[in-house]
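In: no FASTA, just this:
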């Protein structure tokens, strides 16, 4: 069963890095990012540019629209040795995952810099393709995380999709985040903290008529929150994981995938970063006390029993 490219459900609600400079300045003013907004408005380029960000030579991490995708293989958990991180397109596929079921969990969420300051309420829309009984179900699932600016969310192994059915071609995964600063919306998001949502979207190996209802609600809810005053979409990426050896694709295997929001994928080198099993952090190979200076998340894939 082939992978299907998902429609861009949120194409009309762009992440801040894809907004025109003047529109981005308006959104920043809404949440009190006055300095960044005024810097954009003072630039003459802002009145003529439709996509390029004028102003500072050092863009904010939340301005970037590119993502680099890395992979941490299964390693000896008792070892203190730093673990290599590979580009997700250079690993070997795990053929045992063909036509099987997997579990996907969110293991790290690093908010190095999001628009605004203080505690960020971040709404995630997770998307995956569930391939069952000759059909492809398009799954959406919402979760909310609270993270202090410059810190990491206090989560590990947070389930998103449990028992996802993998076809013979692989799986597709997409993530869209919204920085929620609207006070009323923050209270509205409290229901996502219930135990039902914390358990992730549990799937079965047959077509489930409830799934389209849950997914439709998740899409509508995300669109509503993302389009409201003071709320700003920040990250949006898609990964197709398959079993081929085509070098420009990414492979499906058991392990951890890293998505880093960066300015230029061509300048990123995964060999300069390692996973430190002693503290669970991704650190510089040259200086292990230095961590990635960008927003990133880590989600893991394992067989579902």
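Out: All right, it came through fine. All values reported here derive from a predicted model rather than from experimental measurement.

In: correct me if wrong, but residue 117 is in a helix.
Out: No - counting by DSSP: H, G, I helix; E, B strand; the rest coil, one finds residue 117 to be coil, located in no helix.

In: count the neighbours of it for me.
Out: 13 (other C-beta atoms under 10 Å). Every C-beta, even on glycine, is put in place using the N, C-alpha and C of the backbone.

In: from what I can see it touches residue 149, true?
Out: Yes - counting by C-beta atoms under 8 Å, residue 117 touches residue 149, with 5.1 Å between them.

In: same for the helix or strand residue 300 falls within, what does it pack against?
Out: Residue 300 belongs to strand 296-303 when elements are defined using DSSP states H and E. Strand 296-303 is packed against strand 101-111, strand 255-262, with contacts defined by 3 or more C-beta pairs under 8 Å, 6 or more residues apart in numbering; DSSP states H and E.

In: cutoff 10 Å now
Out: The helices and strands touching strand 296-303, judged by 3 or more C-beta pairs under 10 Å, 6 or more residues apart in numbering; DSSP states H and E, are strand 66-73, strand 101-111, strand 119-132, strand 158-165, strand 170-180, strand 232-242, strand 255-262.

In: where are the low-confidence patches of this protein?
Out: 1-8, 43-57, 76-77, 187-210, 265 (pLDDT under 70).

In: for residue 125, what are its contacts?
Out: Going by C-beta atoms under 10 Å, 6 or more residues apart in numbering, residue 125 touches 9-10, 140-143, 174-178, 218-219, 221-223, 225-226, 233, 236.

In: list buried residues within those residues.
Out: 9-10, 140-143, 174-178, 218-219, 221-223, 225-226, 233, 236 (16 or more other C-beta atoms under 10 Å).

In: of the helices and strands packed on strand 296-303, which is nearest residue 285?
Out: strand 66-73 (13.1 Å; C-beta to C-beta).

In: touching whatever helix or strand comes next after the closest one from outside, list them.
Out: Next helix or strand after strand 66-73 toward the C-terminus (DSSP H and E): strand 83-84. Strand 83-84 is touched from outside by 70-76, 256, 270-271, 273-277, 282, 285, with contacts defined as C-beta under 10 Å, 6+ apart.
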